[in-house]
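Peer 1: Based on what follows, work out the 3D shape:
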Amino acid sequence: SIDFTRPLRYTSLISQRFVFFVVNLFWKAGETMGNIMDYLKWRGDLTFSQDAFNEVDNLLLSFVAYVNLEGLSVGAGEERVTLEELSRRFFVLHSEEELAADKSFTRLAPYIVKMMAQSNRYRTSIISNYVNMVNPQLELQFSAVQLDLMDGSKNFCFRGTDDNIVAWKEDFNLGLGEVPAQKLASEYLNRFGVGTSPIRVSGHSKGGNLAVYAAAACKIEVQERITDVYSNDGPGFVHEFVTSDSYKKIQNRIHRYIPDSSIIGMLLENPVEPQVIKSTAKGILQHDAMSWQIEGPHFVSASLSESAISLHETLHNWLENIDENARTQFVDDLFSILESTGVDTLTQVQEGGLKNAAAMLRELHQIVPGTWSELENLLKAVLPFSGFLIMGRQKTVDRQNIPRAVTSHRAAHISNKNHNENNVKQEEKRK
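Peer 2: Okay, the predicted model is just below:
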């Protein structure tokens, strides 16, 4: 007789799949919500032959794209290594102290890759064709990596907006037309997407935008093999792109995910209806996909918040009624405020506290009045100390609208003193 307390080596393949189906059915019913790390703990032992690729797997691959793979010999034309070997090399090259110093929202990406590398599901995945380019002068940030999974698919993952201010500016430049990273994304897919394997394209933040753009703009022989395109809180596009024939060819293959108070994922135009995900964070911090809630192999659904809807409608209506020069002015104004701090990342902006806030307040005084209300909405969403900036600027505006003689107690005192002295002099002349 069969001892069912022992591993399933005695059962047939069909029996194994049936057992896994039953286990997963009851496991899901009893699972509590978690994040992508919890997903790996819950389901990392299941291979792709036992449990097919799902929406959460897409997000995991997007995190791989955030890891700095420089010096690991997996660049374009270099080695093809397993994820297990890649993780080993990474943690030999980078110390715990170095990783702990990273305060960006992508800081956990190396540890997510480490967990993936220890799982049956991802351990033998092949990593190759890593590229990374950053050019502040061109306002360019582009990075991508290829993962070949054991289900026979090629997966091309584009890095999104990291903590660098130049990367965020490129996000907003998307509203002005094609940016350098988009062109590079389509070239990357054309170069490495050759062959016969089915293709998935994915990314988080700007990486999601690049995934959609590359899938729409690539060669037809590559495009025909694309089964799915994933955009995780990725910004949209200009009207001309989403109404183009190239976009329409891949529109029904696009999967779009945004958190319930999304800001980045609601920028610009995006005809694909999103799946809204429950997040444990607030405001702009929901852009960190570590806060997205997961149950079993699925995201936990939610409703879009009123604040996200309001911000989207305000910016969309405003941008729809201004010309390209005004859009450029808006982007320049917004990032001149951030760049006035003299730092490189949003984390550094926030860590600078009142010192950075004061520098930003001085820059705010130079802002063109026509863009102020929209900038105010964005600053409220992005920076926790934005109330200080908005209040400081309003006080300055109020002062400018009050006659100079009464803008302060000191000014009023000086005015009264001068008035009295003039009266005395006039009285002496009469005498």
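Peer 1: Please make it C-alpha for all contacts and neighbour counts, starting now.
Peer 2: Fine.
Peer 1: doesn't residue 99 make contact with residue 107?
Peer 2: Yes: contact criterion C-alpha atoms under 8 Å: residue 107 and residue 99 qualify, at 7.3 Å.
Peer 1: So those two - more neighbours on which side?
Peer 2: residue 107 (17 against 14; other C-alpha atoms under 10 Å).
Peer 1: Give the rounded mean pLDDT of the helix or strand harbouring residue 128.
Peer 2: Assigning secondary structure by DSSP states H and E places residue 128 in strand 126-135. Averaged across strand 126-135, pLDDT comes to 94.
Peer 1: do the same with stretch 101-121
Peer 2: pLDDT averaged over stretch 101-121 gives 92.
Peer 1: Go through that stretch and flag the buried ones.
Peer 2: If you call a residue buried by 16 or more other C-alpha atoms under 10 Å, then stretch 101-121 has these buried ones: 106-121.
Peer 1: quick check, residue 58 in a helix?
Peer 2: Yes: the assignment for residue 58 by DSSP: H, G, I helix; E, B strand; the rest coil puts it in a helix.
Peer 1: does it really touch residue 230, like I thought?
Peer 2: Yes: in this structure residue 58 lies within contact range of residue 230 using C-alpha under 8 Å: 7.0 Å.
Peer 1: Please enumerate the strands of the stretch 1-150 of the chain.
Peer 2: Secondary structure of the stretch 1-150 of the chain (DSSP state E, counting those that start in this stretch): strands at 81-82, 126-135, 140-148.
Peer 1: Any chance of a markdown table for these, columns mean neighbour count?
Peer 2: As requested, the strands of the stretch 1-150 of the chain are arranged in a markdown table below (neighbours: other C-alpha atoms under 10 Å):
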| stretch | mean neighbour count |
| --- | --- |
| strand 81-82 | 19 |
| strand 126-135 | 18 |
| strand 140-148 | 24 |
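Peer 1: sorry, back to before: for the buried residues of stretch 101-121, which one is nearest residue 95?
Peer 2: residue 110 (11.5 Å; C-alpha to C-alpha).
Peer 1: In contact with that closest one: list those residues for me.
Peer 2: 64, 67, 87 (C-alpha atoms under 8 Å, 6 or more residues apart in numbering).
Peer 1: Give the intersection of the neighbour lists for residue 58 and residue 230.
Peer 2: With C-alpha under 8 Å, 6+ apart, residue 58 and residue 230 have common neighbours residue 202.
Peer 1: More neighbours: these two, which one.
Peer 2: Just comparing residue 58 and residue 230: by other C-alpha under 10 Å the higher neighbour count belongs to residue 230, 26 against 23.
Peer 1: what pairs with the more buried one across the strands?
Peer 2: Judged by DSSP bridges, the bridge partners of residue 230 are residue 202, residue 255.
Peer 1: same question, residue 141
Peer 2: As for beta bridges, residue 141 partners with residue 134 under DSSP bridges.
Peer 1: State the distance from it to residue 313.
Peer 2: 28 Å (C-alpha to C-alpha, to the nearest Å).
Peer 1: same question, residue 154
Peer 2: From residue 154 to residue 313 the distance is 37 Å (C-alpha to C-alpha).
Peer 1: neighbour count winner among these two?
Peer 2: When neighbours are counted by other C-alpha under 10 Å, residue 154 and residue 313 differ, and residue 154 comes out ahead with 24 against 14.
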